[in-house]
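Asks: I would like the atomic coordinates for the input below:
(one chain, ligands or ions: 2)
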Amino acid sequence: MIYFIALIQVICMQIKTEEVLSDLIHKIIDISGTNIWKCYQCGKCSAGCPMVDFMELLPHQVIRLAQIGKWKEICEANTAWICAACLTCSVRCPRGIKIAEVMEALRQVVLRNRLSNKRLNISEERIRRLPPIALISAYRKILE
Ligand code: SF4
Ligand code: SF4
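Replies: Ligands and ions are numbered 1, 2, ... in the order given. Next comes the predicted model:
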C-alpha cells in the first residue's frame with residue numbers, strides 16, 4: 001500500500017522544464033556516467049534491492065524522479081544513504097543503467113553542494129573539512 005501511494009505521488013507530480021534541465025540533474029548524470037532516460041520503469045532494480053524496506057524512495061522511483069528533474073525530492077530522501085552499493089540493481093537492469101553509481105552520484109551532489117538533508121546532522125564546518133569519502137562511508141554505517 002505504501003508503495004502504491006508513493007507511486008501515485010510520483011505520477012501526480014508536475015513536470016517543469018527548468019527542473020528537468022537543472023544543473024544538479026546533469027551533475028548526477030555526469031558523475032554516474034549513466035543515461036537515466038533509458039529507464040522504462042520495469043522495477044527490476046527495486047525488486048532485487050536488499051535495502052528497500054528501509055528506503056523512503058525505491059531505486060526505480062529515484063530514477064524516475066531524476067528523469068523529471070525532481071532533484072530536491074531525491075536528495076532529501078534517505079535512499080542514497082541507505083544504499084549498500086551491492087550492485088544488484090545494476091546487474092538486474094535490462095537497460096544497462098548503473099543505478100548504484102546514480103546513488104553514489106547523489107551522495108556526492110548532496111555533499112559537494114551542501115544541500116540540506118535531514119539525515120546529514122553534521123555542521124557545515126565539518127563537512128568542509130572532512131574528505132567526502134570518509135563522510136559517505138561513515139554515514140552508510142551509522143544511519144538507520
Ligand atoms: S531495472 Fe533499469 S529499466 Fe528497470 S526500473 Fe530499474 S533502472 Fe529502470
Ligand atoms: S546498489 Fe543500492 S540500490 Fe542497488 S540493489 Fe544494492 S542496495 Fe539497492
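Asks: for the protein, which helix is longest?
Replies: For the chain, the helix with the greatest residue count under DSSP state H is helix 99-112.
Asks: residue contacts, the residue lying closest to Leu87 once chain neighbours are set aside?
Replies: Using Cβ to Cβ, 6 or more residues apart in numbering and skipping the chain neighbours, the partner closest in space to Leu87 is Ala100 (5.0 Å). Placement of C-beta: from N, CA and C, glycine included. Contacts for Ala100 (Cβ atoms under 8 Å, 6 or more residues apart in numbering) come out as Cys83, Ala85, Cys86, Leu87, Cys89, Ser90.
Asks: Quick check: helices, which of these are part of them?
Replies: Counted as lying in helices by DSSP H, out of the contacts of Ala100, are Cys89, Ser90.
Asks: top of the contacts of Ala100 by neighbour count?
Replies: Ranked by the number of neighbours (other Cβ atoms under 10 Å), the contacts of Ala100 place Cys89 first, at 28 neighbours.
Asks: Pull the contacting residues for it.
Replies: Applying Cβ under 8 Å, 6+ apart, the residues contacting Cys89 are Lys44, Cys45, Ser46, Gly48, Cys49, Pro59, Ile99, Ala100.
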